[in-house]
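Novice: Below is the sequence, then the predicted model.
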Amino acid sequence: MALILIALIIGLPWLGALTVLAAGNKNPKWQHGLAVGFSLASGLMALFLIPFTSSRVALDLWLGPSFGSLSFVPDGLAVSLTIIATVIGSLAVIFSVDYMRGEAQLGRYYFLVLFFIGAMAGLVLSGNLLFTFFFWEITALCSYGLISFYNDDPKAVAGGIKALIITQVGGVGLLVGSLLAYANLGSFQISDLLSKANTMPADVLSIIAFCFLIAASAKSAQFPFHTWLPDAMEAPTPISALIHAATMVNAGIYLLARFFPAFESVPGWMEMVMLAGIVSALITAFMALTATDLKRTLAYSTVSQLGYMVYAIGAGGVLASQFHLLSHAVFKALLFLSAGAVIHSVGTRDMTRMGALGRKLPYVRNVFVIGALALIGLPVFNGFWSKELILEVGLEHSPRWAYGLMLLGAALTAFYTFRMTWLVFYGSSRADLHVHPAGLWMKIALGVLAIGTFTTWLLFGGLSGTLAQSLPTHHLEAESTIHMVEMILLAPATWLALSLIAVSLALFWFVGRGFALKESPIWLRELSESSFGFEPVNTFISRGISGLAEQLRFTQNGQMNWNILGIVGALLFVLAVLLWSGV
């Protein structure tokens, strides 16, 4: 049964992608309906997969020594991320019914969204490194196509190319690590790498571990690859919610959590993971303090919160990282889609031109505030419990200086979130903007996510038990939700964090409001705009690779005979190499 469900989870969105494309852009109602139907069906199948969660292989199809077995494993880590990808994916599609109404090339949009949902599910369910890489690259391709969806906008095209190139650094890291694992183990199976890592030469295992860290950092926009995600905000806002907040950027977190047992003994690996998370969380929180673009502020926040997850894994808190991943996927999707409703209504992303929109968009204001309170980490909301669990793990298993910096990050998060919410929904109106209410489909998606922001922390016990039972190599201990609540509420560190949040609120209310609309100091603005000096570096690399690609355009001359010759020649070369190596 698990195999059938997995086939439907991946296959339904892909079938839907082809069906929507075939429906044609002259039938937008059909396209909207088909996209919603297929995405909801995939999400439903993912929920049905929960009772079949297991460490046992659901499919083991031998494809020869070159590729190994095509396998899918519905363990707790894979199933939880599959549910996030498909359920939040379906909500993003529902939101798109209103957001994308009247847009040209709707078939291309839904094709890429549905194709992405299936690929993301395949990525986390795959038990084979080579096929993990295959799905990993499909998600990158869909991300590029959707960032560049408005292909008549130079900023959108540039953002898509930049995202593709930087994330491909991660793709190279994943591929190199996978090939090294195959060369030493004779297998692409993830289970073999986890169970036999201690049999590999120490230097080889170290190279694999750091290759995977590069892959995770690039995919999840962690330092020093953090510059691509803000530019990815040129995508339609439902894409920012789905791909660049709730799902694809979590692939790097998944990779680190999946292979944690294999790499935790590698000298320096956990320390580097922790350091990457700390630096990412802090510098992007600082950048959010001065941002005036609503979506870019949320993008900085996403990188920062992903940094908390990376930090947790570096401190040994795999469970804490996955719990915050779930919470963040829900409340950040809510924030992005709420921002999308605002932008769709007023036609601008500039927060300095907004103000007092809460009176005209009360529903959107209410759900946005719910998401903001979860991001800040106030009690009751899901972000409070998962963030505090990360800080508890950090207090126990990381240096005091690292824990202190993450507390500072929590205070900065509270400050920029208060600033963002006040600039958009409160204060006085600062421009004569035409405002229209959010559509019904927008409200449905936002309402479901708002309820999830209140309730998903109650799933902690089930998530903990499932991960402990289905991830034997991780040696996790199952904990109940009640025990987690007691531990967090009785911990002095929790009240310290809440005190810092209260101080941030007071600072913004009494001091920050006066500076929120003023131009930031030149040094701070330049530091933020340059991404602490890494924007020019990443831009130079991106432009260099783009320039090289331009020089190779002559090979694509549009003459079919030459193209076929090139394909056949490359195929013969690969076959010759395989025959020579005895495969």
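Specialist: Good, I have the coordinates.

Novice: For stretch 450-466, which residues meet the burial criterion?
Specialist: 450, 452-453, 456-457, 459-466 (16 or more other Cβ atoms under 10 Å). To be clear about C-beta, it is placed using only N, CA and C from the backbone, and glycine gets the same treatment.

Novice: from those, which single one is nearest Met270?
Specialist: Ser464 (21.5 Å; Cβ to Cβ).

Novice: Check which helix or strand the closest residue to Ser504 other than its chain neighbours maps to.
Specialist: Excluding the flanking residues, the one nearest Ser504 by Cβ to Cβ, 6 or more residues apart in numbering is Ala414, at 3.8 Å. Here Ala414 sits within helix 400-425, counting by DSSP states H and E.

Novice: same for that helix, what does it pack against?
Specialist: Contacts defined by 3 or more Cβ pairs under 8 Å, 6 or more residues apart in numbering; DSSP states H and E place helix 400-425 against helix 269-290, helix 294-314, helix 362-376, helix 382-397, helix 492-507.

Novice: which stretch among these comes nearest Phe134?
Specialist: Taking these one by one with Cβ to Cβ, helix 294-314 is closest: 23.6 Å.

Novice: Without its sequence neighbours, what residue ends up closest to Trp30?
Specialist: Excluding the flanking residues, the one nearest Trp30 by Cβ to Cβ, 6+ apart is Ala23, at 4.6 Å.

Novice: Next up, the contacts around that neighbour.
Specialist: Counting by Cβ atoms under 8 Å, 6 or more residues apart in numbering, Ala23 makes contact with Trp30, Gln31, Leu34, Gly107.

Novice: so what pLDDT did it get?
Specialist: Looking at Ala23, its pLDDT stands at 84.

Novice: ok, so what distance separates it from Leu44?
Specialist: Ala23 is 22 Å from Leu44, where distance means Cβ to Cβ, to the nearest Å.

Novice: just Ser126 next, same as before
Specialist: Look at Ser126 and Leu44: by Cβ to Cβ, they are 21 Å apart.

Novice: about what we covered before: distance check, the residue nearest to Trp30 against Ala17.
Specialist: 11 Å.

Novice: How about Gly347?
Specialist: In this structure, Gly347 and Ala17 are 30 Å apart, going by Cβ to Cβ.

Novice: Looking at the two, which has the bigger crowd around it?
Specialist: Just comparing Gly347 and Ala17: by other Cβ atoms under 10 Å the higher neighbour count belongs to Ala17, 24 against 12.

Novice: wouldn't that one be in contact with Tyr109 here?
Specialist: No. Checked against Cβ atoms under 8 Å, the pair Ala17 and Tyr109 is beyond contact range at 10.6 Å.

Novice: May I ask you to name the longest helix in this structure?
Specialist: Longest helix in the chain, counting residues (DSSP state H): helix 154-185.

Novice: Now the element after it, going C-ward?
Specialist: helix 190-196.

Novice: Tell me the helices and strands packed up against that following helix.
Specialist: Judged by 3+ Cβ pairs under 8 Å, 6+ apart, helix 190-196 is in contact with helix 129-147, helix 154-185, helix 260-263.

Novice: pLDDT of that helix, averaged?
Specialist: Averaged across helix 190-196, the pLDDT comes to 88.

Novice: buried stuff in it?
Specialist: Buried residues in helix 190-196 (16+ other Cβ under 10 Å): Ile190, Ser191, Asp192, Leu193, Leu194, Lys196.

Novice: of all those residues, which comes closest to Ile343?
Specialist: For those, the nearest to Ile343 is Ile190 (40.2 Å; Cβ to Cβ).

Novice: Once you drop chain neighbours, what's closest to that closest one?
Specialist: With Cβ to Cβ, 6+ apart, the residue lying closest to Ile190 is Gly127, at 5.3 Å.

Novice: cool, and Glu388?
Specialist: Excluding its sequence neighbours, the residue lying closest to Glu388 (Cβ to Cβ, 6+ apart) is Ile488, at 4.7 Å.

Novice: For whatever helix or strand the one you found lives in, buried residues please.
Specialist: Taking DSSP H and E as the criterion, Ile488 maps to helix 481-490. If you call a residue buried by 16+ other Cβ under 10 Å, then helix 481-490 has these buried ones: Thr481, Met484, Ile488.
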